[in-house]
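A.B. asks: output the structure for:
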Amino acid sequence: MNIYFAGSIRGGRGDQALYAEILKIIAKYGNVLTEHVGDKKISVMGEGDVTRRIHKRDMDWLRDAEVVIAEVTTPSLGVGYEIAKAEEWGKKILCLYRKIEDRSISAMISGSDKLTLIEYKNLDDVKIIIDKFLKIKL
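C.D. replies: So this is what the prediction gives:
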């Protein structure tokens, strides 16, 4: 199974270490197409690559994915774009978020009936949520 993980890069790298841990969990279920999202070498400046190439590569990966798992706590235009495309293409989508004071999830995410949005507190929660989501959805 091909799995596309989405997390903020240019929108902020404060959750990079968390993404790396989530990617380890996801990798137990299939081929993670976007492991670079958890790479600590990638800064808010992105991968330093040509943006058209990044867009094409990521859209190709998204098309190839059976499932999209997105960590949406840190707002990101790119992650929102990926989720919208995944919805358009009928992908199964899980959005994970942590409740943070003075921050809320976009209504475009929380109001969508084409994705599953689940709050978590720690990585143990994430393991349970992903396991349950993948067993039910696939």
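A.B. asks: ranges for the strands of this protein?
C.D. replies: Under the criterion DSSP state E, the chain contains strands at 2-6, 31-32, 67-71, 92-97, 116-119.
A.B. asks: got the angle between the third one and strand 92-97?
C.D. replies: Angle between the axes of strand 67-71 and strand 92-97 is 10 degrees (criterion: axes from the mean of the first three to the mean of the last three CA atoms, to 10 degrees).
A.B. asks: any idea how far residue 85 is from residue 97?
C.D. replies: Using CB to CB, to the nearest Å, we find residue 85 at a distance of 19 Å from residue 97. The C-beta positions use only the backbone N, C-alpha and C, and glycine is treated the same way.
A.B. asks: pick out whichever of the two has more residues nearby.
C.D. replies: residue 97 (19 against 16; other CB atoms under 10 Å).
A.B. asks: contact partners for the more buried one?
C.D. replies: Counting by CB atoms under 8 Å, 6 or more residues apart in numbering, residue 97 makes contact with 71, 72, 73, 105, 117, 118, 119, 120.
A.B. asks: now do the residue nearest to the fifth one when sequence neighbours are not counted, the pLDDT please.
C.D. replies: Across the structure, with CB to CB, 6 or more residues apart in numbering as the measure, the residue nearest residue 117 apart from its sequence neighbours is residue 95 (4.6 Å). As predicted, residue 95 sits at a pLDDT of 98.
A.B. asks: count of neighbours near residue 95?
C.D. replies: 22.
A.B. asks: so which bits of stretch 50-61 are buried?
C.D. replies: Under the neighbour-count criterion of 16 or more other CB atoms under 10 Å, stretch 50-61 has 58, 61 buried.
A.B. asks: who wins on neighbours among the contacts of residue 97?
C.D. replies: Among the contacts of residue 97, the one with the most neighbours (other CB under 10 Å) is residue 71, at 24 neighbours.
A.B. asks: so who does that residue touch?
C.D. replies: 5, 6, 7, 8, 15, 18, 19, 22, 95, 96, 97.
A.B. asks: out of those, who has the most neighbours?
C.D. replies: Of the contacts of residue 71, with other CB under 10 Å as the count, residue 7 tops at 28 neighbours.
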